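Student: Okay, here's the prediction I keep looking at, along with the sequence it came from:
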Amino acid sequence: RFDAHKGGDLVIQAFAKLVALEPSATLLFAGPDRGFGTTSGDVVNINEMINEYIPEHDRQQISYLGLTSSKEVASLRKISHITIMASRNENFPYSVLESLASAAPIIAARVGGVVETFEDENSGIFFKGADVDDLVQKMLSLINDKNALVRISSNAYSRCANTYSPAVIADEAVNFYERC
């Protein structure tokens, strides 16, 4: 979604820099537009931010999809090369697990409980939270290294299956209660 918490502004700013370096890059942005509050008290919506940061000749590289069902998001993950989770803070976001389960390589902000969900440079990539330039560098690293993209994709799926499958979670819960 587009708001300050989820880092939608960071994604737009990073994409502006990315598309200048990789003109064929595209961005599919899914989620409701809740706006981004500025220091002056104004609320900027996603289209206003796109118009501010993305040169007119690159705007066709962005598709804002709005509110999107879980089924549609799952389909998008299958056709996307990278999933970006740019939240400024999170506990244990289900969206990260969905990306891992879909074998969709993820670049996520190194914040909160997200750091426990995957191994950096193995089953996903972390960027320094709220650091647009670091996010751009991480996106470029995956775009330019197809072997890393494939490796991280495969490892993401394995990480999810071996760590977060219902059977594994059930066993961990039973073991916990047996120890209590």
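Tutor: Received, thanks.
Student: how about the longest helix seen in the chain: buried residues?
Tutor: For the chain, the helix with the greatest residue count under DSSP state H is helix 146-163. For helix 146-163, the neighbour count (16 or more other Cβ atoms under 10 Å) marks 149, 152-153, 155-157, 159-160, 163 as buried. (Glycine included, C-beta is placed from N, CA and C.)
Student: One more: stretch 35-46?
Tutor: In stretch 35-46, counting by 16+ other Cβ under 10 Å, buried: 35-36, 44, 46.
Student: What's the end-to-end length of it?
Tutor: This stretch, stretch 35-46, spans 7 Å end to end (Cα to Cα, to the nearest Å).
Student: Then stretch 76-92?
Tutor: Note: stretch 76-92 ends 22 Å apart using Cα to Cα.
Student: Just the mean pLDDT for it, thanks.
Tutor: Stretch 76-92 shows a mean pLDDT of 94.
Student: ok, and what's touching the host helix or strand of residue 19?
Tutor: According to DSSP states H and E, residue 19 maps onto helix 8-21. Residues outside helix 8-21 that contact it (Cβ atoms under 8 Å, 6 or more residues apart in numbering): 1-2, 25, 27, 29, 31, 36, 44, 46, 49-50, 53-55, 58, 61-62, 84, 86, 130, 132-133, 135-136, 139-140.
Student: buried ones in that helix?
Tutor: In helix 8-21, counting by 16+ other Cβ under 10 Å, buried: 8-19.
Student: returning to what we had before: please pull up the helix or strand immediately following the longest helix of the chain.
Tutor: helix 166-179.
Student: mind checking how far that next one is from the chain centre?
Tutor: Centroid separation for helix 166-179 versus its chain: 29 Å, with Cα atoms, centre = their mean, to the nearest Å.
Student: what's the angle from it to helix 146-163?
Tutor: 40 degrees (axes from the mean of the first three to the mean of the last three Cα atoms, to 10 degrees).
Student: I'd like to know which elements the helix or strand bottoming out on mean pLDDT in the chain is packed against.
Tutor: Sorting the helices and strands of the chain by mean pLDDT, DSSP states H and E puts strand 36-37 at the bottom, at a mean of 88. In terms of contacts (3 or more Cβ pairs under 8 Å, 6 or more residues apart in numbering; DSSP states H and E), strand 36-37 is packed against strand 43-44.
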